[in-house]
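J.: Provided below are the primary sequence and the corresponding predicted coordinates.
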Amino acid sequence: MISWPNLISQLFNGLALGALLALISSGLTIIYGTLGVLNLAHGAMFMIGGYAGFVAYQYTESFILAVIAGSLFVMLLGVAMERLIIRHFYHRPHEDQLLVTFGLGICFVELVRLVFSSQSQIVPPPALFRGITNLGFMFYPTYRLAVVGIVAIALGALFLVLYRTRLGMIVRAGIEDSVMVDSLGINVYRVFMVVFGIGAMAAGFAGIVNAPVVSLTPGIGDDILVQTFVVVVIGGVGSFPGAILGGLIAGEIISVTSMFNPGYAYVMLFAAMTLVLVVRPHGLLGAQGRE
Amino acid sequence: MKYIALRTIPWLLAASVAAATAGHAAENKVVIGDIDDMSGLYADVIGPGGVEAAKMAIDDFGGSVLGNKIEFMVSDHQNKPDVGAQKFREWADRDGVTMILGGSNTGVSLAMNNVAREKKVPFIAIGAAGASLTGKDCTPYTVHYVYDTTALGNGTAKTMVKQGGKTWFFLTADYAFGTQLQDSASKVVEANGGKVIGAVRVPLSTSDFSSYLLQAQNTGAQVLGLANAGNDFTNSIKAADEFGIAKTMKPAALLAFVSDIHSLGLKTAQGLYLTTAWYWDLNDKTRTFAKRYYEKTKREPTMNQAGYYSATMTYLNAVKAAGSTNSEKVMAELKKMKIDDMFTSSGKIRADGLMEHEMYIMQVKKPEESKQPWDYYKLVQTMSGEEAFGKLSESACPLVTH
């Protein structure tokens, strides 16, 4: 099945897949970078974003409202999770943090299964982006093209927040050295809450934007979680540009490998991760000395 | 990997608690164990709905047989062969299980099949399609109930080729089920003058089929053969619709369930040909059962869930007729019985363990043809048991003496 038209279409498809991974990973990486907590419930939050949007869509039939509902719901869930549970774990060992977020992830998935059953649910793409676009070398669903644009805008917004606002400055400083930020009289814990909310929102937003591309099932976040970890490690833990670069690399690897043998998509992904870890232990764009 | 290890800990804990609470079985006491996909990609087409159907059968039977209350246990195999086989072994050793239902995944069912042979416990496989369960891998204790890859290939593939779909490209679930289904469909396609021009093996539980559909599109084949099931099937149909595959290719559902069509909606699924062993709206008996099931679950049963009811009932009838839970006696009784119930009017369990019964080729209705909720199929053709499953004399099962 290897031919030039096929390769070009797979490269293009990898871009679409990578854009989405970049967005989810950027949420994971800023949370880890700032709070030092690896959020294993991130995949479940991606899934919940999809379901929250699905419910909103059922009531309003508006895709825009579904996106807003999906993002906001997961943001509020993230804030609640941070306030009620996660903050008690900042000074506990990493193992405890992993277990608590992992446990929350399982609870979220099973709760959704309880309410919606394992039946797959479908959110149709917005009317504006329905149908197929002829790109000359291939036919491609219009909505998937739109996803690349939507994700680019979302990443742009995240960039502005992180690099052009005071909050972003504190977050970036917190990623470098949170003790120092604390010493400067900034309320790090409030910043942590906001960062957790923003990171969760990125996952929720990606969840509902991705919903029309796949069908929603409670387990949809499981695979994504593994992929985003790889993305974060490749790009450099805590690095926002690293998440974007890593996302695109991972998307291309998965898409192009599937042309040869889909079974090896993960093998190649982990091989790439291993290679990066050997050559640049802190990831492609990660900084040395960071915790 | 730490992630995997962490994932399994809660399951191990849950399993040990479940094992500790289960009691030992008395003499001649029926203990039915259901080992099935309760949470994964096949849970929707069988899983908890199957549990409900089996419980209905036990209730309808009166709740007890041979003077003992019928026990029923449920476990989730998570689509892992080792988990399914381990549970089977544990129930056989510690809980005196007398019959195992389910499987719902060919890989898992093949592993459970080995345990059935080893522990001499009847295993009624439902949901798994791999024809080798009653072919080269058959055991004296295995019954394959609802469908197999031979029948599914004979139904859909033959119809599609006759309708002019000569060149095929397969999207195949990458394990025993998918490959067996692709093989049997390919044989039918080639025997009817068609040609298979390619296939891609897709890992189980893939959510995004875009890469594979792009490959399919680039081959220029006329038919997109879907050798997958459950959420893999709905995701591939959904992506096929999204990529406008229907303009150039016809999708062929080798294994689709009424719940899949319900998820997809008629707008997306219309015109699709599929093969089914059972449909709720076939006749009065199926409608009566479906109505009772619907009242409990608010969904129409899939063919697997209907099969769960029928298989449980058939097994209990065999136990009653044999007057014993002894595996040899029950198996002998099962192979003598004629099955005439809400599932089939002419079912029989052959020497190789296959439950031979008629199969139906259906086409999914257009939205305007559907008169009520769940009114999804129109009957294209009924295949006799032999036409669908092949002759017993052609069975690859070593138990069959030719």
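T.: Sure, I can see it.
J.: Report the separation between residue B:348 and residue A:242.
T.: Distance check for residue B:348 against residue A:242: by C-beta to C-beta, to the nearest Å, it reads 64 Å. For glycine as for every other residue, the C-beta is placed from the backbone atoms N, C-alpha and C.
J.: So for these two, which sits in the more crowded spot?
T.: More neighbours surround residue A:242 than the other of residue B:348 and residue A:242, with 27 against 16 (other C-beta atoms under 10 Å in any protein chain shown).
J.: Just to confirm, what's the three-state secondary structure of the nearest residue to residue B:207 once chain neighbours are set aside?
T.: Beyond its immediate neighbours in the sequence, the residue positioned closest to residue B:207 (C-beta to C-beta, 6 or more residues apart in numbering or on different chains) is residue A:214, lying 4.4 Å away. Here residue A:214 is coil, with the state taken from DSSP: H, G, I helix; E, B strand; the rest coil.
J.: In contact with residue A:214: list those residues for me.
T.: Taking C-beta atoms under 8 Å, 6 or more residues apart in numbering or on different chains, we find residue A:214 in contact with A:220, B:207-208, B:235, B:238.
J.: wait, does stretch A:234-247 make contact with chain B?
T.: No. Stretch A:234-247 lies out of reach of chain B by C-beta under 8 Å from any C-beta of the partner chain, never closer than 14.4 Å.
J.: For that stretch, measure first residue to last.
T.: Distance across stretch A:234-247, first residue to last, is 9 Å (C-alpha to C-alpha, to the nearest Å).
J.: In the stretch 301-402 of chain B, where is pLDDT below threshold?
T.: Applying pLDDT under 70 to the stretch 301-402 of chain B picks out residues B:402.
J.: For chain A, give me its nearest residue in it.
T.: Closest residue of the stretch 301-402 of chain B to chain A, C-beta to the nearest C-beta: residue B:302 (11.1 Å).
J.: can you pull the pLDDT of residue B:11?
T.: We have a pLDDT of 57 for residue B:11.
J.: Now for the residue of the stretch 301-402 of chain B closest to chain A, how many residues are close by?
T.: 29.
J.: Ok, the one 3 residues further on next?
T.: Neighbouring residues of residue B:305 were enumerated by other C-beta under 10 Å; the total is 34.
J.: OK, contacts around the nearest residue to residue B:39 once chain neighbours are set aside?
T.: Leaving aside its sequence neighbours, residue B:39 sits nearest to residue B:76 (C-beta to C-beta, 6+ apart; 5.8 Å). Residues in contact with residue B:76 (C-beta under 8 Å, 6+ apart) are B:36-39, B:83.
J.: next one: residue A:28
T.: Contacts of residue A:28 (C-beta under 8 Å, 6+ apart): A:38-39, A:42, A:199, A:203, A:228-229, A:232, A:243.
J.: Please identify, among those residues, the one with the most neighbours.
T.: Counting neighbours by other C-beta under 10 Å, residue A:203 leads these with 35 neighbours.
J.: who's in contact with it?
T.: Contacts of residue A:203 (C-beta under 8 Å, 6+ apart): A:24, A:27-28, A:42-43, A:45-46, A:49, A:74.
J.: The same query, at a cut-off of 6 Å, please.
T.: Residue A:203 is in contact with A:24, A:27, A:42, A:45-46, counting by C-beta atoms under 6 Å, 6 or more residues apart in numbering or on different chains.
J.: from those residues, which is closest to chain B?
T.: Nearest member of the contacts of residue A:203 to chain B, counting by C-beta to the nearest C-beta, is residue A:46, at 11.2 Å.
J.: coming back round to it: of the contacts of residue A:28, which belong to helices?
T.: Secondary structure from DSSP state H places A:42, A:199, A:203, A:228-229, A:232, A:243 of the contacts of residue A:28 in helices.
J.: could these be laid out in TSV, adding pLDDT?
T.: Formatted as TSV, the ones in helices among the contacts of residue A:28 follow (pLDDT from 0 to 100):
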residue	pLDDT
A:42	96
A:199	94
A:203	96
A:228	94
A:229	92
A:232	93
A:243	94
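J.: Tell me which two of the residues you listed sit farthest apart.
T.: A:199 and A:229 (14.2 Å; C-beta to C-beta).
J.: Which other helices and strands does the helix or strand hosting residue B:274 contact?
T.: Using DSSP states H and E, residue B:274 sits in strand B:273-276. Strand B:273-276 sits against strand B:359-364, with contacts defined as 3 or more C-beta pairs under 6 Å, 6 or more residues apart in numbering or on different chains; DSSP states H and E.
J.: And the strand it packs on, how far out from the chain middle?
T.: 16 Å (C-alpha atoms, centre = their mean, to the nearest Å).
J.: and the next element down the chain from that strand?
T.: Counting by DSSP H and E, the next helix or strand C-terminal to strand B:359-364 is strand B:377-383.
J.: just checking, what packs against whichever helix or strand comes after that next one?
T.: Note on strand B:377-383: by DSSP H and E, the next helix or strand toward the C-terminus is helix B:385-389. If you count contacts as 3+ C-beta pairs under 6 Å, 6+ apart, helix B:385-389 packs onto helix B:149-152.
J.: mind redoing it with 7 Å?
T.: helix B:149-152, strand B:355-356 (3 or more C-beta pairs under 7 Å, 6 or more residues apart in numbering or on different chains; DSSP states H and E).
J.: In a markdown table, list these along with distance to chain A and mean neighbour count.
T.: Listed next are the helices and strands packed on helix B:385-389 as a markdown table, based on distance: least, C-beta to the nearest C-beta, whole Å; neighbours: other C-beta atoms under 10 Å in any protein chain shown:
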| stretch | distance to chain A | mean neighbour count |
| --- | --- | --- |
| helix B:149-152 | 21 | 27 |
| strand B:355-356 | 26 | 26 |
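J.: how about the nearest residue to the most centrally placed residue in chain B, chain neighbours excluded?
T.: For chain B, the residue nearest the mean C-alpha position is residue B:127 (1.8 Å; C-alpha atoms, centre = their mean). Nearest residue to residue B:127 in three dimensions, chain neighbours excluded: residue B:104, at 3.3 Å (C-beta to C-beta, 6+ apart).
J.: how near is that neighbour to chain A?
T.: 12 Å (C-beta to the nearest C-beta, to the nearest Å).
J.: what's the answer for residue B:260, then?
T.: Residue B:260 is 8 Å from chain A, by C-beta to the nearest C-beta.
J.: would you say residue A:152 is within a strand?
T.: No. Counting by three-state DSSP, residue A:152 is located in no strand; its state is helix.
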